[in-house]
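A.B. asks: please work out how this folds:
(3 chains)
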Amino acid sequence: MGEEKRYWRDYQKDIPDGPFFYVRSCIRQTFTPGAETMLLKILTGYLGLDVYEDPRHTCCSGIGYHTDVVPLETTMTIIARQLSLMQEDGYENLLVSCVTSFGLYNEVLDIWHHFPEKLEQTRRYLREATGRDFALPKAVIHTSDIVYKHRSRLAGMMKYRMVDRQSGRPLRMVDHVGCHYAKIFPAKGIGGAEFPQVLSGLAAPWGGISVDYSERRHCCGFGFRQYLLKDNRSYSVSHSKVKLESMAPHHPDLILTNCPGCCMFLDRWQYTIAEIEGRTYDDAGRGIPVLSYEELAALLLGENPWDIGLQMHQVQVESLMDKIGIEYDASQKYLGDRGQYIGCPQKPDVLLA
Amino acid sequence: MKDFGFKPVRPNVIDLATVQNRTWTDILRLHPEMRSCISCGACAAVCPNNNELTKMSVRRTIIELRHGLPLTSEWQNCQMCNRCSLVCPKGLNTRSIFFRLNTFEALNDHNQTNAEPTNRK
Amino acid sequence: MNSNHNDTIIIGTGIAGLTAAAELSARGRKVLMLEKNDSTGGHVGQWSVCFPFGISGRELAESILPQSNANVSIRTRSTASAISTLPDGSLSVSCTDGTAHSARTVLLASGYGMFDARLKEELGYGIYPGVLTSEDIERQWQKGERPLAGHSNPRFAIVHCVGSRDLKCNIRHCSKVCCMVGVKMATEIRQRYPDSQVTNYYMDLRMFDNGYEELYHDAQLNYNVQFVRGRISEVAPTNDGRLYIRAEDTLLGKPLRDKVDALVLMIGMSAHEPLHVDGEPMNRSINGFVGTASPVQINLTATPGLFVAGAAKGPMNITEVLADARAAAAETDKYLSR
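C.D. replies: All right, here's what the predicted structure looks like:
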């Protein structure tokens, strides 16, 4: 995937070094809470960035907005409240860890830019509801932008590389960049919408190979209303299937994502497809492990996989860890932070070959 | 195998890379001029069956044959009236296609998957 | 300033400039031609085959103006940068190399630029080696190269309207000739690669001039070129190094996919940045190309003595350019006779 090509270079954005006002991802902290913890550890610990999280901040309402249950005005007011907290805390750079939120923050800022009356209306609503005022952020940055920017620095701190320890073969990675990362505003994403580099650019410095595949730009199937209603889930799983079928011929060792929703669905639907159709997309019948960029970074940095929360994944990641040669204690997989047993999911008939 | 109440569907796409348009090849052997169809729809407009009394469409059938797709139009309803050929600006003998389609389709077993995929169980 | 006795300066040595130069020299006028490139012939000079003439663009350009002509002198690598009116009413053309040339009249025959296909990112030009523009293919063929040599049964997809009728690229106009070029190229490919498959993806086909519709019919009937009404809107690599394309067959209302070895983009014509005349940018017409003085004065600009011919005014095919350049030459001659 040509790093030498022109167009992704055109889509470089200025990524400040902080200080950042951080907003969480609802999906990530619900389904893979360890990933959110690890992301903050990478940002503040490994990279030493000033990242502040205000406990009063809320969901951005993105999922509600995209499923037509939250009106736009409400969404704009909720976002205005986050910005108000940011102003109160003395921050100007908004750091967003969720792709849905990232798209929505940019969309709302764009609406306010083109329709100043909507900005005034939002100011009024927020004042009436909370007595607060807010300022527009200087920059809106996605957390994967930061990891991309510091990819080489992180590579220098990594204990492991994306290489098969036995054979020395670089691991093959396929990426899936969340639609709302750059498809709404190509200039806001590294590499733009058609040739995103934000994830594929991580492979080489971390020792692996990024593989381009036909359906790279296809939606993961998350699709908001497509999975919320059971009647529509067929669409959701079908989209994931299109992607997985396009990835499979390349024999990828892992799928890398930057959107908590994509990560979840490309992972969970592999199980669903295996149950319904008996089909898996790797040679061994275990499925292709799906990691988010922060989970991959934390693994390579040598963090305990069970602290990263990899036991929350549907497709088991042990095979990937064994390939890389990552040391882990299998007996700790289902132990909590104080060593207590946290329970173990029922074993499925599929994906555990 | 589990039942989740939903299942993946086969994408409903024309895949030109893998298309087998054997019936179209047979038609072209008899009527090479059929290649010059421009899908203007004059045939369909005068067809007594076209989407009025039945779901037959001459225009659609020709494109589907060309792409090697399952025939979704009720072409069997052709009454052989020849109005389609009369009005074709390219002078194509469309009636002849429908006259022979039964034979071609039977030979090529073309229509065996004549079902639109559905997203619901 | 060079002293000279030229009657007219022609900016551009494409087929418009060459035709006007041939006409004016036949009428005894002294002509200086300014060409920004190393050689004459313009865009057409690089085409391998011109429809409906069946000869190469180079042959066509050379047949217009014989090599040695006592009345015509040609300066290559001379890029005109501005035009100004002198006190005696004649015009001076300044070039970027610091030279200036004057004459009583100037004929702008500077043609057009080719659309930069990289702007249509979804088509992957400049990213995937199999994606070529119409200009690339014509040049390769002109040079005797054979792209995709060694492929058996190569599949080609030809995309019409790349950089034409595209508000996203701020281009409203239709480039007129690309429909014909796309179909001509399809038949040309079928002749050069007899085992090939060619599919043209069009929004609508505008086969407006003499012979065009016949060309289209011939392409379907005798060359088995497939036509799909729809626009390719995504190109991605396949795992065997080919190109995966997505479009919709809009006549069926069904999504369509293909895997092809080469994707040929019919790139449109773009207007050059307007020259400055007496310190002001020249008037532009609705399509951004050079504007003329009135609906009747189709070769005169708003500046007396400054004429315009050919595709500098907007997309034209070869036949139209030849006629327009002759008209411009006649107008120039009339002006000089006053």
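
A.B. asks: can you pull out the strands in chain B?
C.D. replies: Along chain B, counting by DSSP state E, strands occupy B:14-15.

A.B. asks: where does pLDDT dip in it?
C.D. replies: Applying pLDDT under 70 to chain B flags residues B:106-121.

A.B. asks: who's in contact with the longest helix anywhere in it?
C.D. replies: Counting by DSSP state H, the longest helix found in chain B is helix B:94-108. Helix B:94-108 is contacted by residues B:22-23, B:26-27, B:30-31, B:34, B:43, B:58, B:61-62, B:65, B:71, B:75-76, B:78, B:80-82, B:84-85, B:88, B:110-111 when judged by CB atoms under 8 Å, 6 or more residues apart in numbering or on different chains. From N, CA and C alone the C-beta is placed, and that goes for glycine too.

A.B. asks: report the buried members of the residues you listed.
C.D. replies: Neighbour-count burial (16 or more other CB atoms under 10 Å in any protein chain shown) is assigned, among the contacts of helix B:94-108, to B:22-23, B:26-27, B:34, B:43, B:58, B:61-62, B:65, B:71, B:75, B:78, B:84-85, B:88, B:110-111.

A.B. asks: how about residue C:69, what does it touch?
C.D. replies: The contact partners of residue C:69, by CB under 8 Å, 6+ apart, come to C:21, C:22, C:25.

A.B. asks: which of those residues lies closest to chain A?
C.D. replies: Within these, proximity to chain A (CB to the nearest CB) peaks at residue C:21, which comes in at 38.1 Å.

A.B. asks: quick check: mean pLDDT across the helix or strand hosting that closest one?
C.D. replies: Using DSSP states H and E, residue C:21 sits in helix C:15-26. On average, the pLDDT along helix C:15-26 is 96.

A.B. asks: list the buried residues for it?
C.D. replies: Residues C:15, C:16, C:17, C:18, C:19, C:20, C:21, C:22, C:23, C:24, C:25 are the ones in helix C:15-26 that count as buried (16+ other CB under 10 Å).

A.B. asks: the closest residue to residue C:126 other than its chain neighbours: neighbouring residues, count only.
C.D. replies: Closest residue to residue C:126 apart from its sequence neighbours, by CB to CB, 6 or more residues apart in numbering or on different chains: residue C:118 at 4.7 Å. By the criterion of other CB atoms under 10 Å in any protein chain shown, residue C:118 has 17 neighbours.

A.B. asks: again, but for residue A:272
C.D. replies: When neighbours are defined as other CB under 10 Å, residue A:272 has 22 of them.

A.B. asks: what helix or strand is it on?
C.D. replies: Using DSSP H and E, residue A:272 falls in helix A:260-277.

A.B. asks: who's in contact with the helix or strand just after that helix?
C.D. replies: Sequence order places strand A:290-292 as the next helix or strand after helix A:260-277, per DSSP H and E. Residues outside strand A:290-292 that contact it (CB under 8 Å, 6+ apart): A:28, A:32, A:35, A:254-258, A:260, A:263, A:266-267, A:270, A:299, A:310, A:313, A:315, A:317, A:320.

A.B. asks: buried subset of those?
C.D. replies: Among the contacts of strand A:290-292, the ones that count as buried by 16+ other CB under 10 Å are A:28, A:32, A:35, A:254-258, A:260, A:263, A:266-267, A:270, A:299, A:310, A:313, A:315, A:317, A:320.

A.B. asks: that older thread, the residue nearest to residue C:126 and residue A:304, how far apart?
C.D. replies: Residue C:118 sits 46 Å away from residue A:304, taking CB to CB, to the nearest Å as the criterion.

A.B. asks: enumerate the residues of the stretch 251-353 of chain A near chain B.
C.D. replies: Neighbours of chain B within the stretch 251-353 of chain A, by CB under 8 Å from any CB of the partner chain: A:272, A:273, A:275, A:276, A:277, A:278.

A.B. asks: just the buried residues of those.
C.D. replies: Buried subset of these (neighbour count, 16+ other CB under 10 Å): A:272, A:273, A:275, A:276.

A.B. asks: tell me the two of those that are most distant?
C.D. replies: Largest separation among those by CB to CB: A:273 and A:275, giving 7.3 Å.

A.B. asks: in stretch C:117-128, which residues are buried?
C.D. replies: Buried residues in stretch C:117-128, counted by 16+ other CB under 10 Å: C:117, C:118, C:119, C:120, C:121, C:123, C:124, C:125, C:126, C:127, C:128.
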